[in-house]
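Enquirer: I'll drop the sequence and a predicted model, then ask my questions.
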There are 2 protein chains.
Amino acid sequence: MAKKLTKRSEDYSKWYNELVVQADLAENSAVRGCMVIKPYGFAIWEKMQAELDRMFKETGHQNAYFPLFVPKSLFEAEEKNAEGFAKECAVVTHYRLQNDPDNEGKLRVDPEAKLEEELVVRPTSEAIIWNTYKGWIQSYRDLPILVNQWANVVRWEMRTRLFLRTSEFLWQEGHTAHANKAEAIAEAAQMQEVYATFAEEFMAMPVIKGVKTDSERFAGAEETYTIEALMQDGKALQAGTSHFLGQNFAKAFDVKFATKEGKLDHVWATSWGVSTRLIGGLIMTHSDDHGLVLPPKLAPIQVVIVPIYKSEEELNRITEVAKELQRDLRNVGVSVKFDNRDTHKPGWKFAQYELQGVPLRIGIGPKDLEKRTVELARRDTLTKEFVAKDEVVNKVKDLLVEIQNTLHERALDFRNNHITKVDTFDDFEKVIKEKGGFVSAHWDGTEETEDRIKKRTKATIRCIPFDADNETGSCVLTGKPSQQRVLFAKAY
Amino acid sequence: MAKKLTKRSEDYSKWYNELVVQADLAENSAVRGCMVIKPYGFAIWEKMQAELDRMFKETGHQNAYFPLFVPKSLFEAEEKNAEGFAKECAVVTHYRLQNDPDNEGKLRVDPEAKLEEELVVRPTSEAIIWNTYKGWIQSYRDLPILVNQWANVVRWEMRTRLFLRTSEFLWQEGHTAHANKAEAIAEAAQMQEVYATFAEEFMAMPVIKGVKTDSERFAGAEETYTIEALMQDGKALQAGTSHFLGQNFAKAFDVKFATKEGKLDHVWATSWGVSTRLIGGLIMTHSDDHGLVLPPKLAPIQVVIVPIYKSEEELNRITEVAKELQRDLRNVGVSVKFDNRDTHKPGWKFAQYELQGVPLRIGIGPKDLEKRTVELARRDTLTKEFVAKDEVVNKVKDLLVEIQNTLHERALDFRNNHITKVDTFDDFEKVIKEKGGFVSAHWDGTEETEDRIKKRTKATIRCIPFDADNETGSCVLTGKPSQQRVLFAKAY
Ligand SMILES: [Zn+2]
Ligand SMILES: [Zn+2]
């Protein structure tokens, strides 16, 4: 602790890396590109999981679990999907180690224990799941299948960053099967909506809803619905995607069903996922130069009580008040930690909880006991005030709501101020270079133009937004006709 | 559905396999030895997880997440542990696939993408975790570390059975670090107690607490605390283990801490885990020839309401009553499904929910509407009775408690009737062969004798039980002196 964070304005990327480690969220492991999610970071993920899982179940989904491994022959069955992931997958080739005869005490792969067919560690589970659904689906009566899985997946990334891009990450992946196209599209759209609601209401992170262009679409999808957030450094973050997969996987795995009318048809599919990457988005939406800032709805600790004392006798009297307060707050559903460790000074604790983004801090000293007050400090505004002890519970309840709203408002203002309409490529380059954020520009609809813009500016089309004005125009690069503006940005 | 289950008395193993599949709990996958856990089976696991997770947190533990992969050099660091798992582990050797030049549309491992160091898919996480703890622990102030992880692990099993023994399984693994031996031993014992409480109170599965012999101990442990259950076929099931690891891992990974007295010492460790294997134990403790029987506390659906109707008009009137009942039951915390599907007949539904072990079934027909009654059927006793509608909620609440207790009592009676004291090896062989269950016998304490008994009878020492009589005697095989009786059994 007590190490100082790099300022965001100095080096945003360095600030992020330091914050993740210093706030005890995660760290790099001995395995290239894989992270250790530390208890405090994992507690945030558990809060996210709990809300998302509730929302999935409320929309009729059930959880299940499918194998970690995908036999190569299944992996390659859906061609586009295979192509999209082949270059970055971990492959199991052997199932045994043996003593290394040349190296006392060391092990080596047993050459006799080579698998007949290699196993790919799942980068995503469409292949193994659709191979399974084949056995589950005979008739329209078996549809829809609305299944989700919480799992780890592996994509062999060359350049990794904690939470944002790691070789192994945790996620949920929904995989649904439907009797017709319209229902599958509605499902994909519904899950985009669920993700957007979660981002806005729980993460206090504003998102833009839209669809991906051909080149940014999920490998094997017909349409990818996305929610796009904006980070403080002006780069976009794809926060969740929901894919309408058409009949691609059903065809690849030969999954047909008898329709109500007695015909045979291929099943329609969706898949949708969010991952531990959301924690990276959460950090980069709200945090400041003092450290993490957490929206109360996802904070593992919403309120911390720190005693300020000189003698054991003072601590005892403060403890009495603190424990009562803790109980009262817990009774109204607030999560409270009372940090009475004698191994650390109050000042150290203040800095630590600030760094870890605890939304509210209550300090209680001997003078507070006399005056029947406590000192209440807000993490989001860094302001402090004295509050009468009898009013603390109500005040805390109100403030937790207010902080949640304030964070959302702040992020929304920032985001809205960073959507810039441009109509010339000079302006485009300038905005991307200097201001950052989303550039709203006309585009001629071709992959070629998208590519050229990417090469020149590093900006990609984040999405074709749903709520765009009904405005035609000319492509910002080629001048060719365009049906609507799309959103470009540099992205994580 | 409607396929008939093999009777337990005909072929217990076949009965089990059929039940798991027909009750929609799990199925084999395209990956050798890996299972698909279906939504209904996974819902049982979620209920288990929720209770266990609560119990872990109540005893001061936090969740975290560590990498799926263990670099070979870390894997081999703790010699005994490595030796114990080397023969059954999946090894990642490459990180990329490429188009197969000899085989249009197929992929092959890219020989250029060979890892410098192979990665073992974790069979258990001591190695990767203790390598991480090295960075977390400097002083006694950093201790204890009380961490748990919910994860998938892989052990390449040659003979697999759904839930009981699969190459990939889900589990939790606690990994704690302590400043002294006594505290670590107390932790290991505490977690054995947590597991026993969970087994008895939630699974309604009686367990015997004890320690493992040297030969049955976890690879790398100094002491393995175990809970052992007895299945209906007289075979034992190791349901959970908690290991006192001494300083073995701290030494292997060089994890030292500054003591309060300013000395350097190696850290003391425990690890403990239960897995999806518990679902196998749950099935084999309570189920019958009609299918699954679930204790109410772990049943995803505690009550199912089935309407019995001829006309749409009847269904409408029944639905009104059913929905009211559903609401009232939910208000008192009972999970209720109202199955109003018109694609299946009531008789089919009755059989299905019986097969799936739903503890209580409520049937409502037109006559019930007249008489203001419902028909209430118990899964555990297969008895039915008519209950006045106004009394249903209270009746259901009472019955759920009663069923939970009945199942426990039944299993306890069975278990207690299957602990047989023997004093000659003839009797030993006879009991193991004919009656099954636990054999309580004197043993001379040597691995050699244990081995010889295993070869002759297939029975192993399940545990040295804690609550054994203070009775010395002579080994049932060798006649040499013995300090106490131990429990032998054939085991899953
Ligand atoms: Zn707002
Ligand atoms: Zn009992």
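Expert: Everything's here; your move. Ligands and ions are numbered 1, 2, ... in the order given.
Enquirer: Not including adjacent chain positions, what is the nearest residue to A:K87?
Expert: Distances taken as C-beta to C-beta, 6 or more residues apart in numbering or on different chains place B:R96 nearest to A:K87, at 5.6 Å, with adjacent residues excluded. Where you see a C-beta, it was placed from the backbone N, CA and C, and this is true even at glycine.
Enquirer: For the closest residue to ligand 2 within the stretch 351-492 of chain A, list the residues it contacts.
Expert: The nearest approach of the stretch 351-492 of chain A to ligand 2 comes at A:V393, 42.0 Å away (C-beta to the ion). A:V393 is in contact with A:325, A:328-329, A:332, counting by C-beta atoms under 8 Å, 6 or more residues apart in numbering or on different chains.
Enquirer: where do the helices sit along the stretch 251-400 of chain A?
Expert: Using DSSP state H, counting those that start in this stretch, the helices found in the stretch 251-400 of chain A span residues A:277-286, A:312-331, A:346-355, A:366-371, A:392-416.
Enquirer: tell me how far stretch A:157-176 is from the chain's mean position?
Expert: Mean-position distance between stretch A:157-176 and its chain equals 9 Å (C-alpha atoms, centre = their mean, to the nearest Å).
Enquirer: Kindly apply the preceding question to stretch A:198-212 instead.
Expert: With C-alpha atoms, centre = their mean as the basis, stretch A:198-212 stands 11 Å off its chain's centre.
Enquirer: and it, which residues are buried?
Expert: Across stretch A:198-212, burial judged by 16 or more other C-beta atoms under 10 Å in any protein chain shown covers A:198-200, A:202-212.
Enquirer: So for the closest residue to A:N340 other than its chain neighbours, what's the pLDDT?
Expert: Once flanking residues are discounted, A:N340 sits nearest to A:P307: 5.8 Å by C-beta to C-beta, 6+ apart. Per-residue pLDDT puts A:P307 at 98.
Enquirer: just checking, A:P307 touches A:I318?
Expert: Yes. If you go by C-beta atoms under 8 Å, A:P307 and A:I318 touch, sitting 4.3 Å apart.
Enquirer: Need the residues touching each of the two.
Expert: Residues within reach of A:P307 and of A:I318 at once, by C-beta under 8 Å, 6+ apart, are A:364-365.
Enquirer: Smallest gap between chain A and ligand 2, at which residue?
Expert: A:N63 (31.1 Å).
Enquirer: Relative to ligand 1, how far out is the residue nearest the centre of chain A?
Expert: Nearest residue to the geometric centre of chain A (C-alpha atoms, centre = their mean): A:L278, 1.5 Å. Per C-beta to the ion, to the nearest Å, A:L278 is found 19 Å from ligand 1.
Enquirer: ditto for A:P101
Expert: 66 Å.
Enquirer: Leaving out chain neighbours, which residue sits closest to A:N470?
Expert: Computed as C-beta to C-beta, 6+ apart, the closest residue to A:N470 that is not its neighbour in sequence is A:Q484, at 7.2 Å.
Enquirer: Pull up the per-residue confidence for that neighbour.
Expert: On pLDDT, A:Q484 comes in at 94.
Enquirer: Was I right to think it contacts A:T472?
Expert: Yes. Using C-beta under 8 Å, A:Q484 is in contact with A:T472, at 7.4 Å.
Enquirer: okay, the two: which has more neighbours?
Expert: For A:Q484 versus A:T472, the count of surrounding residues by other C-beta atoms under 10 Å in any protein chain shown is larger for A:Q484: 16 against 11.
Enquirer: and whichever residue of chain A sits closest to ligand 1, how many neighbours?
Expert: Taking C-beta to the ion, ligand 1 has its nearest neighbour within chain A at A:H408, 4.0 Å off. Residues lying near A:H408 (other C-beta under 10 Å) number 19.
Enquirer: Contact partners for the nearest residue to it once chain neighbours are set aside?
Expert: Distance criterion C-beta to C-beta, 6+ apart; nearest residue to A:H408, sequence neighbours excluded, is A:A204 at 4.0 Å. The contact partners of A:A204, taken as C-beta under 8 Å, 6+ apart, are A:285-286, A:295, A:297, A:404-405, A:407-408, A:411.
Enquirer: same check, this time on A:R378
Expert: Applying C-beta under 8 Å, 6+ apart to A:R378 gives the contacts A:359-360, A:384, A:399, A:403.
Enquirer: Same check on A:D233?
Expert: Residues near A:D233 by C-beta under 8 Å, 6+ apart: A:8, A:12, A:284, A:436.
Enquirer: What segments of the stretch 101-250 of chain A are helices?
Expert: With helices called from DSSP H, counting those that start in this stretch, the stretch 101-250 of chain A shows them at A:126-136, A:181-201, A:248-252.
Enquirer: B:R108 is nearest to which of those?
Expert: helix A:126-136 (16.6 Å; C-beta to C-beta).
Enquirer: in the closest one, what counts as buried?
Expert: Result for helix A:126-136 [16+ other C-beta under 10 Å]: buried residues A:126-134, A:136.
Enquirer: Narrow the contacts of A:V393 to just the buried residues.
Expert: When the contacts of A:V393 are checked for burial by 16+ other C-beta under 10 Å, the buried set is A:325, A:329.
Enquirer: Of the contacts of A:V393, just say which sits nearest to A:Q302.
Expert: For the contacts of A:V393, the nearest to A:Q302 is A:L329 (8.3 Å; C-beta to C-beta).
Enquirer: Using PDB, write out every CA atom in the lowest-mean-pLDDT helix or strand in chain A.
Expert: Of all helical and strand segments in chain A, the minimum by mean pLDDT, DSSP states H and E falls on helix A:79-86, at a mean of 93. The C-alpha trace of helix A:79-86 is given here as PDB (Å, rounded to 0.1, in the frame of the first residue of the first chain):
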ATOM      1  CA  GLU A  79     -16.300 -23.200 -40.600                       C
ATOM      2  CA  LYS A  80     -16.400 -19.500 -39.900                       C
ATOM      3  CA  ASN A  81     -16.500 -20.000 -36.200                       C
ATOM      4  CA  ALA A  82     -13.500 -22.400 -36.400                       C
ATOM      5  CA  GLU A  83     -11.600 -20.000 -38.600                       C
ATOM      6  CA  GLY A  84     -12.300 -17.200 -36.100                       C
ATOM      7  CA  PHE A  85     -10.900 -19.000 -33.100                       C
ATOM      8  CA  ALA A  86      -8.300 -21.400 -34.600                       C
END
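Enquirer: Show residues contacting it.
Expert: By C-beta under 8 Å, 6+ apart, the residues outside helix A:79-86 that reach it are A:75-76, A:123-124, A:126-127, A:155, A:218-220, A:248-249, A:252, B:96-99, B:105, B:107.
Enquirer: Which of those residues fall within strands?
Expert: B:97-99, B:107 (DSSP state E).
Enquirer: so how far is B:P346 from the residue in the stretch 301-450 of chain A positioned nearest to chain B?
Expert: For the stretch 301-450 of chain A, the residue closest to chain B is A:T343, as judged by C-beta to the nearest C-beta, at 5.3 Å. Per C-beta to C-beta, to the nearest Å, A:T343 is found 65 Å from B:P346.
Enquirer: ok, the two, which is more surrounded?
Expert: Comparing A:T343 with B:P346 by other C-beta under 10 Å, the one with more neighbours is B:P346, at 14 against 8.
Enquirer: what sits against the nearest residue to that one once chain neighbours are set aside?
Expert: Among residues not flanking B:P346 along the chain, B:I308 sits closest, at 4.8 Å (C-beta to C-beta, 6+ apart). Counting by C-beta under 8 Å, 6+ apart, B:I308 touches B:318, B:346, B:363-366.
Enquirer: Let's see that with 6 Å instead.
Expert: B:I308 sits next to B:346, B:363, B:365 when contact means C-beta atoms under 6 Å, 6 or more residues apart in numbering or on different chains.
Enquirer: Reformat these as TSV; add pLDDT.
Expert: TSV is the format used below for the contacts of B:I308 (pLDDT from 0 to 100):
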residue	pLDDT
B:P346	96
B:G363	98
B:G365	97
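Enquirer: which among these gets closest to chain A?
Expert: Distances from chain A to these, taken by C-beta to the nearest C-beta, are shortest for B:P346, at 16.8 Å.
Enquirer: That closest one touches B:V306, doesn't it?
Expert: Yes. Assessed by C-beta atoms under 6 Å, B:P346 is found in contact with B:V306 at 5.5 Å.
Enquirer: Many thanks, have a good one.
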